[in-house]
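Colleague: I'd like to go over a predicted model; first the sequence, then the structure.
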Amino acid sequence: MQVTSLQTLGWHERWQEPFAPYAERYTLGRVSLEHKHMYRVMTEEGDLLGEVSGKLRHEASGREDYPAVGDFVLLEARASEGKATIHGILPRFSKFSRKAAGNTTEEQIVASNVDTVFLVNALNNDFNLRRIERYLILAWESGASPVIVLSKADLCEEATERAAEVEAVAIGVPVHVVSAWNQEGIEALTPYVSPGRTVALLGSSGAGKSTLINLLLGEPVQEVQGIREGDDRGRHTTTYRELFVMPGGGLLVDTPGMRELQLWHADEGLGDTFAEIEELAAGCKFADCRHEREPGCAVREGLLGGALRAERYESYKKTQRELAFLAAKDDVKLRLQQKERWKKLTSSNRNRVNRK
């Protein structure tokens with residue numbers, strides 16, 4: 001689709017003030033594709049191939065300081081060459097982040113400036129309530145509104161029952177059951193992708209994200225593949241994040257499948273996802289109740305009385321432990337970064353004195 005205005009790309013007046021100091025020097029664009037620190041940027045002059053400036057690269061302290069798909073960026077455009085230099089990133093009003101793969105504690109931004117997150121889970125043997133909870137935690141933490149899409153309903157005879165199970169752990173979150181094969185339930189998704197609004201699709205490989213993208217766009221822009229025989233798990237088709245503009249003006253972000261979703265900082269997301277447990281905990285007799293053998297524990301009463309399911313509570317405790325471990329590692333990383341910055345500052349000052 002030909003971009004005719006920034007509004008087509010999801011521009012909002014929230015960015016007018018932070019952009020104002022740079023308006024005379026730079027133009028604007030929105031990152032639609034990232035690949036090894038090279039970026040495709042949508043602008044009013046067409047798509048440009050962008051790379052970050054030396055200053056931006058030098059000042060970046062981690063991956064989160066580089067552009068991500070969905071970012072609005074400050075550009076020095078060279079339209080005749082089809083290229084641009086990225087000098088800055090406008091503030092993100094939302095970002096879906098996870099812990100980057102590997103042993104390091106580092107944030108990976110999956111998509112930014114997203115209004116709604118479609119959490120896509122297939123209704124086949126890959127159906128997993130615990131994974132849905134993890135996606136919900138990060139969706140709530142991102143600042144975007146989560147919507148659960150249960151795909152491949154044609155492959156499940158208990159679609160209604162499974163939707164009810166999801167509604168029980170995703171309190172207040174819209175749940176839609178769809179089938180791309182029969183094209184059932186697709187129309188219920190289109191109101192979320194209204195002009196100027198951005199929707200990101202997240203889920204495991206083979207959940208049907210790329211198929212949904214193709215149906216919503218009305219054309220086969222994304223390659224799709226079948227699931228593997230034997231375990232109903234999908235093959236990787238989308239290998240990078242990409243933003244598409246819909247004919248009607250909405251925007252869609254397709255993402256690679258994430259089977260192992262490692263949590264990032266998500267204290268608020270934890271509370272929103274397990275709201276009923278936190279409400280029970282607020283009724284405990286003691287503020288520091290550990291919900292073990294303390295008298296007057298409302299959580300234990302909920303477990304014994306059946307108001308709270310044991311597997312739901314175990315998932316809550318496991319997630320708490322994971323976030324606590326991540327916070328401890330991040331605290332160590334922060335101290336090391338501060339120590340390294342101090343060493344650089346001391347070395348710089350010493351060199352300055354020696355030159356005098």
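Modeller: Thanks, I have it. This one's a predicted model, so the numbers in the text were calculated from it and none came from an experiment.

Colleague: what about the strands in the stretch 251-356 of the chain?
Modeller: Using DSSP state E, counting those that start in this stretch, the strands of the stretch 251-356 of the chain run over 251-254.

Colleague: Please enumerate the helices of it.
Modeller: Secondary structure of the stretch 251-356 of the chain (DSSP state H, counting those that start in this stretch): helices at 267-273, 275-281, 298-305, 310-355.

Colleague: among the ones you listed, where is the model least confident on average?
Modeller: Lowest mean pLDDT within those: helix 310-355, at a mean of 62.

Colleague: most centrally placed residue in the protein?
Modeller: Geometric centre of the chain, nearest residue: Phe96, 2.4 Å, by Cα atoms, centre = their mean.

Colleague: from what I can see that residue touches Ala144, true?
Modeller: Yes - counting by Cβ atoms under 8 Å, Phe96 touches Ala144, with 6.6 Å between them. For every residue, glycine as well, the C-beta is placed using N, CA and C.

Colleague: which residues touch Thr160?
Modeller: Counting by Cβ atoms under 8 Å, 6 or more residues apart in numbering, Thr160 makes contact with Val177.

Colleague: and with 7 Å instead?
Modeller: Residues near Thr160 by Cβ atoms under 7 Å, 6 or more residues apart in numbering: none.

Colleague: Name the SS class of it, please.
Modeller: helix (DSSP: H, G, I helix; E, B strand; the rest coil).

Colleague: Just the residues contacting the lengthiest strand in the chain, thanks.
Modeller: Looking across the chain with DSSP state E, the single longest strand is strand 27-35. Identification of contacts with strand 27-35 by Cβ under 7 Å, 6+ apart yields 6, 9-10, 19, 39-43, 48, 67-73, 75, 77, 84, 240-243.

Colleague: before we move on, back to that, so what sits against both of Phe96 and Ala144?
Modeller: Contacts common to Phe96 and Ala144, judged by Cβ under 7 Å, 6+ apart, are 114, 117.

Colleague: Okay, and the residue nearest to Val253 when sequence neighbours are not counted sits in which element?
Modeller: Counting by Cβ to Cβ, 6 or more residues apart in numbering, Ala200 is the residue found nearest to Val253 once chain neighbours are left out, at 4.0 Å. Using DSSP states H and E, Ala200 sits in strand 198-203.

Colleague: Report the angle between that strand and strand 27-35.
Modeller: Here strand 198-203 points in a direction 10 degrees away from that of strand 27-35 (axes from the mean of the first three to the mean of the last three Cα atoms, to 10 degrees).

Colleague: mind checking pLDDT for the residue nearest to the centre of the chain?
Modeller: 88.

Colleague: ok, now how distant is it from Ile213?
Modeller: 16 Å (Cβ to Cβ, to the nearest Å).

Colleague: Over to Ala282?
Modeller: 41 Å.

Colleague: These two - which one has more neighbours?
Modeller: Ile213 (24 against 10; other Cβ atoms under 10 Å).

Colleague: I'd like the mean pLDDT over the host helix or strand of that one, please.
Modeller: In this assignment (DSSP H and E), Ile213 forms part of helix 209-217. For helix 209-217, mean pLDDT rounds to 89.

Colleague: tell me which strands and helices that helix is in contact with?
Modeller: strand 198-203, strand 251-254 (3 or more Cβ pairs under 7 Å, 6 or more residues apart in numbering; DSSP states H and E).

Colleague: Which strands or helices does the first one pack on?
Modeller: Same thing as strand 198-203. Using 3+ Cβ pairs under 7 Å, 6+ apart: strand 198-203 touches strand 116-122, helix 209-217, strand 251-254.

Colleague: mind checking which of those is nearest Leu304?
Modeller: Leu304 lies closest to strand 116-122 among those, at 30.8 Å (Cβ to Cβ).

Colleague: quick one: strands adjacent to that closest one?
Modeller: strand 145-151 (parallel), strand 198-203 (parallel) (DSSP bridges).

Colleague: What residues of it count as buried?
Modeller: 116-122 (16 or more other Cβ atoms under 10 Å).

Colleague: hey, C-alpha coordinates of it in PDB?
Modeller: Only the C-alpha atoms of strand 116-122 are listed here, as PDB (Å, rounded to 0.1, in the frame of the first residue of the first chain):
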ATOM      1  CA  THR A 116      -3.500  -4.200  20.600                       C
ATOM      2  CA  VAL A 117      -1.700  -7.600  20.900                       C
ATOM      3  CA  PHE A 118      -3.300 -10.600  19.300                       C
ATOM      4  CA  LEU A 119      -2.100 -13.600  21.400                       C
ATOM      5  CA  VAL A 120      -2.600 -16.400  19.000                       C
ATOM      6  CA  ASN A 121      -2.800 -20.000  20.300                       C
ATOM      7  CA  ALA A 122      -3.800 -23.000  18.100                       C
END
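
Colleague: Can you name the element that comes right after that strand?
Modeller: Using DSSP H and E, the helix or strand that follows strand 116-122 in sequence is helix 129-142.

Colleague: Sort out which residues of that next one are buried, please.
Modeller: Buried residues in helix 129-142 (16+ other Cβ under 10 Å): 129, 131-142.

Colleague: hang on, Gly196 is in a strand, isn't it?
Modeller: No - applying three-state DSSP, one finds Gly196 to be coil, outside a strand.
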